[in-house]
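Enquirer: from the sequence below, what's the structure:
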Amino acid sequence: LADEYGPAIGVLNLPALDECVWAGRGQGCLANGQPAKVSTRHDLSGACVVTSGVDYWPSTSQLDRLVEHGTIIRTWGDAYGYALVATGRADAMVDPVVNRWDVAAMPTILAEAGGVFSDFTGAVTDDGGTALATNQNLHPLLLGLLTT
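Expert: You can find the predicted model right below:
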């Protein structure tokens, strides 16, 4: 649901896992009725970074830079990857190719979970293209690696 200020409500429903993550602007983020928060990790070494799949990366140089900085790459795609970040079970979700329908819920969910959702330029948008979801500590570090 969006209004004149942008996305107002976001929902990630994962019925096969009996899990639902939702948020409303100014209302917080909940996972199955419990408060959800992003991780508090400050450094990239050992950070769990999820992505929809390595075959989606147009260039392996961005992915290589993440690995060189000590991140642990896992392929938990789309809604589940974003749910992992919103609940602090993963440190970041990096998607080099997304559509609006993949990420429309994420600006609200991530902001209410204490995180940041942007494209690879740092713009907070749900228009699709590229996507980065993480905590406020890792966001500038990951952006630096993705735009170099």
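Enquirer: after the lowest-mean-pLDDT helix or strand in the chain, next one along is what?
Expert: Using mean pLDDT, DSSP states H and E, the weakest-scoring helix or strand in the chain turns out to be strand 6-7, at a mean of 86. Scanning forward in sequence from strand 6-7 by DSSP states H and E, the next helix or strand is strand 9-14.
Enquirer: pull out the buried positions in that next one.
Expert: 9-10, 12 (16 or more other Cβ atoms under 10 Å). Using the backbone N, CA and C atoms, a C-beta is placed for each residue, glycine as well.
Enquirer: which residues touch Gly26?
Expert: Glu112 (Cβ atoms under 8 Å, 6 or more residues apart in numbering).
Enquirer: same check on Thr51?
Expert: 57, 63, 73-75, 77, 81, 93-96.
Enquirer: likewise for Ala2?
Expert: Ala2 neighbours (Cβ under 8 Å, 6+ apart): 8, 104.
Enquirer: same deal with Gly6?
Expert: 107, 126.
Enquirer: state the distance from it to Leu84.
Expert: Separation of Gly6 from Leu84 (Cβ to Cβ, to the nearest Å): 24 Å.
Enquirer: same check, this time on Leu12
Expert: 10 Å.
Enquirer: which parts of the protein are strands?
Expert: Along the chain, the segments classed as strands by DSSP state E run 2-3, 6-7, 9-14, 19-24, 28-31, 34-35, 48-50, 72-74, 92-98, 115-118, 129-135.
Enquirer: worst average pLDDT in those strands?
Expert: Lowest mean pLDDT within the strands of the chain: strand 6-7, a mean of 86.
Enquirer: in its sheet, what does that strand sit against?
Expert: Paired neighbours of strand 6-7 in the sheet (DSSP bridges): strand 2-3 (antiparallel).
Enquirer: one step back: could I get the buried residues of strand 9-14 as TSV with distance to Asp102?
Expert: Shown next, in TSV, are the buried residues of strand 9-14 (distance: Cβ to Cβ, whole Å):
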residue	distance to Asp102
Ile9	17
Gly10	12
Leu12	11
